[in-house]
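Enquirer: attaching a predicted model along with its sequence, questions to come.
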Amino acid sequence: MSKASLAADQLPASAAKALADLGENLALARQRRKESLRAWASRMSVSVPTLIRMEKGDPSVGMGVYATALWLMGRHAALPEVAAPVQDVNALEQDIAAVRQRGRRQSRKPGVPP
């Protein structure tokens, strides 16, 4: 089993739901533009089965395929924001905890006022 399929098999349920929602939204975008599966797949340089899998949120479909679909919609510029450092709340919480821990260690040193 390849690493990619192993990762897809172990995808957390919330991430799988997010991909399914993304796929559904991409399908709706295509349909609103009155584009057939065949025409949209051709514009994306993918096969119709790959497009169908993407529209179902299949995690084994390459990120480039999702990015191309977003590009066709004019939404590719939003991709960097998905993982932008300012959006990374978990890392921010870790940074704050580290600063607090350093502050506690410094206040415990003899001769250093709290």
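Expert: Yep, it's here.
Enquirer: what residues does the host helix or strand of residue 50 touch?
Expert: Residue 50 is part of helix 48-55, with elements assigned from DSSP states H and E. The contact list for helix 48-55 (CB atoms under 8 Å, 6 or more residues apart in numbering) reads 23-24, 26-27, 30, 37-38, 40-41, 44, 46, 60-61, 65-66, 69. The C-beta positions use only the backbone N, C-alpha and C, and glycine is treated the same way.
Enquirer: kindly recompute the last result at 6 Å.
Expert: With contact meaning CB atoms under 6 Å, 6 or more residues apart in numbering, helix 48-55 is reached by 23, 26-27, 37-38, 41, 61, 65.
Enquirer: buried residues in that helix, which are they?
Expert: Within helix 48-55, the residues that qualify as buried are 50-55, counting by 16 or more other CB atoms under 10 Å.
Enquirer: nearest to residue 87, of those residues?
Expert: Taking CB to CB as the measure, residue 87 sits nearest to residue 54 out of the buried residues of helix 48-55, at 23.9 Å.
Enquirer: would you mind measuring from the residue nearest the centre of the chain to residue 56?
Expert: Residue closest to the average C-alpha location in the chain (CA atoms, centre = their mean): residue 82, at 6.2 Å. Plainly put, residue 82 is 20 Å away from residue 56 if you go by CB to CB, to the nearest Å.
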